[in-house]
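A.B. asks: Sequence first, then the predicted structure, then my questions.
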Amino acid sequence: QLQLVESGGDLVQPGGSLRLTCEASGDRLRHYAIAWFRQAPGKEREGVACISRGSISENYADSAKGRFTISRDNARNTVYLQMSNLRPDDTATYFCAALLSFDEFCIMSDPNFIFWGQGTQVTVSS
């Protein structure tokens, strides 16, 4: 069974950058679309970015467009989220999730993201 482990979260100042990593084990990541989600205290979980199994398509939340970039290295079984120009409202626990996929679409609202990591904390504060 696919297992996901996130890393890279940290305390960063506003305007700073971070790269989050999602490493997979138990199956080949090339079979899955991958999305990053985040959840701040007292708020609902929201999708941030999504990438199809072969990197053909990417989708971003409006809040992430122009600042975040999702990418993947299927040979390394790893997905990344490069975040720049971070703001205090980006503070949240960030999760990666996987959806078994047979096409090159990725939609964050898809209910079939059933594999989840444990999350990594990102705090943006001066």
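C.D. replies: On my side now, so go ahead. Numbering: from 1, shown residues only.

A.B. asks: And the strands in the chain, which stretches?
C.D. replies: 3-7, 11-12, 18-25, 32-39, 46-51, 58-60, 68-73, 78-83, 92-100, 115-116, 120-124 (DSSP state E).

A.B. asks: Tabulate the ones you listed in TSV, adding columns for distance to S109 and mean neighbour count.
C.D. replies: Yep, even glycine has a C-beta here, placed from its N, CA and C like the rest. Below are the strands of the chain laid out as TSV (distance: least, CB to CB, whole Å; neighbours: other CB atoms under 10 Å):
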stretch	distance to S109	mean neighbour count
strand 3-7	19	17
strand 11-12	28	15
strand 18-25	19	19
strand 32-39	10	24
strand 46-51	7	22
strand 58-60	10	18
strand 68-73	16	18
strand 78-83	18	22
strand 92-100	11	22
strand 115-116	15	17
strand 120-124	22	18
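
A.B. asks: Put together TSV for those strands, with mean pLDDT and distance to I107 on each row.
C.D. replies: Output for the strands of the chain, formatted as TSV (pLDDT from 0 to 100; distance: least, CB to CB, whole Å):
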stretch	mean pLDDT	distance to I107
strand 3-7	98	19
strand 11-12	98	29
strand 18-25	98	18
strand 32-39	98	8
strand 46-51	97	7
strand 58-60	97	7
strand 68-73	98	14
strand 78-83	98	16
strand 92-100	97	9
strand 115-116	96	16
strand 120-124	98	23
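
A.B. asks: among those strands, which is nearest M108?
C.D. replies: strand 46-51 (2.9 Å; CB to CB).

A.B. asks: distance between that closest one and the chain's centre?
C.D. replies: Centroid displacement of strand 46-51 relative to its chain, using CA atoms, centre = their mean, to the nearest Å, is 6 Å.
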